[in-house]
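> Got a predicted structure plus its sequence, pasted below:
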Amino acid sequence: MFFSRFLTLIFACGVLAGCGESVSRDFPSRILVVGDSMLATGRINDAAVSDVMEKTLHETVVDRSTIGARFHYALPISGAAGLNITKQYVDGDWDWVVVNGGGNDLWMGCGCMLCAAKIDRLISEDGTKGTIPGFLSDLRQSGAKVIYVGYMRSPGRISPIEHCKDEGAELEKRISKLSKLDAGLIYLSLEDLVPHGDGSFHGIDMIHPSNKGSKAIGQIISNVIEGA
């Protein structure tokens, strides 16, 4: 019993450590970031995607992304702490909300096997129904423009997610369809970011971005915001 409680405590601490920033009602920022570890990695060293955005745009960015976060996450406490991406959003006068996610739903939720039903639950084939379209619709109704950031692709080396690439590509194809229905929703593909055989954009696990990868992603997002 003690050991079980100890593990629960450790897990909860890990979740809280991986959570993004808290936000007060008068927080001076117009940009919010929500999502999973692709955006959250590097935060401890001020090298996460949001840190790059702050340096590039010269303004404050609120980063609520959390390592291990999913769109479908049932546990209430840790979900509210950030492991449910939809719970990361907080009300604010946001001009932009940057979003990513879905990878953990596929990788951890179905092990990249028999994922058709999981993908359909996230987003329908025509891009109009599911958890992701519903969440993005809520964000758009708040008045913010939304940038949905796709995932970096495997560099062609051995990677734990190499066999997930077809499922990931299908997920993003559907999100791309959705973005064509709303000018205020921008789908940002990272499909061509990583040259084949170049592992420098990924960390040692070949899943998460390295500092170089986070810098590249942050600069691309910043370019979209500046260009708009």
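Okay, I see it.
> Identify the residue spatially nearest to Asp36, adjacent ones excluded.
Ala69 (4.4 Å; Cβ to Cβ, 6 or more residues apart in numbering). Yep, even glycine has a C-beta here, placed from its N, CA and C like the rest.
> contacting residues around that neighbour?
Taking Cβ atoms under 8 Å, 6 or more residues apart in numbering as the contact definition, Ala69 lies against 35-37, 40, 82-85, 88, 101, 104.
> and which of those residues is nearest to Gly127?
Within the contacts of Ala69, proximity to Gly127 (Cβ to Cβ) peaks at Gly101, which comes in at 15.5 Å.
> Check the gap between that closest one and Gly227 for me.
Counting by Cβ to Cβ, to the nearest Å, the separation of Gly101 from Gly227 is 24 Å.
> what's the answer for Ala117, then?
For Ala117, the distance to Gly227 - Cβ to Cβ - is 38 Å.
> and if you look at Leu106?
31 Å.
> again, but for Ile161
Counting by Cβ to Cβ - Ile161 and Gly227 are separated by 30 Å.
> Next: Asn100.
In terms of Cβ to Cβ, Asn100 sits 19 Å off from Gly227.
> Mind checking which of these two has more residues around it?
Taking other Cβ atoms under 10 Å, Asn100 and Gly227 do not tie; Asn100 has more neighbours (25 against 6).
> ok, now which ones touch the closest residue to the more buried one other than its chain neighbours?
Nearest non-adjacent residue to Asn100, counting by Cβ to Cβ, 6+ apart: Gly35, 3.8 Å away. Gly35 sits next to 65, 69, 85, 88, 98-101, 149 when contact means Cβ under 8 Å, 6+ apart.
> let's see it at 7 Å
65, 69, 85, 99-101 (Cβ atoms under 7 Å, 6 or more residues apart in numbering).
> so can I have TSV of the residues you listed showing pLDDT, distance to Val52 and secondary structure?
Shown next, in TSV, are the contacts of Gly35 (pLDDT from 0 to 100; distance: Cβ to Cβ, whole Å; DSSP: H, G, I helix; E, B strand; the rest coil):
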residue	pLDDT	distance to Val52	secondary structure
Ser65	98	13	coil
Ala69	97	20	coil
Ile85	98	20	helix
Val99	98	17	strand
Asn100	98	14	coil
Gly101	97	19	coil
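> Out of those residues, flag the one nearest to Val194.
Using Cβ to Cβ, the contacts of Gly35 come closest to Val194 at Asn100, 15.6 Å.
> what does the helix or strand containing Val97 contact?
Taking DSSP states H and E as the definition, Val97 sits inside strand 96-99. With contact meaning Cβ under 7 Å, 6+ apart, strand 96-99 is reached by 30-35, 139, 144-149, 221, 225.
> And that strand, how far out from the chain middle?
10 Å (Cα atoms, centre = their mean, to the nearest Å).
> returning to what we had before: would you mind checking the contacts of Ala69 for buried ones?
35-37, 40, 82-85, 88, 101, 104 (16 or more other Cβ atoms under 10 Å).
> Looking at these, spot the one nearest Ala48.
For those, the nearest to Ala48 is Ala40 (6.1 Å; Cβ to Cβ).
> Verify the stated contact: the closest one with Arg64.
No - taking Cβ atoms under 7 Å as the definition, Ala40 is not a contact partner of Arg64, at 9.1 Å.
> Could you pull out the helices in this structure for me?
2-18, 37-40, 49-57, 76-78, 85-88, 103-110, 116-122, 131-141, 165-179, 211-227 (DSSP state H).
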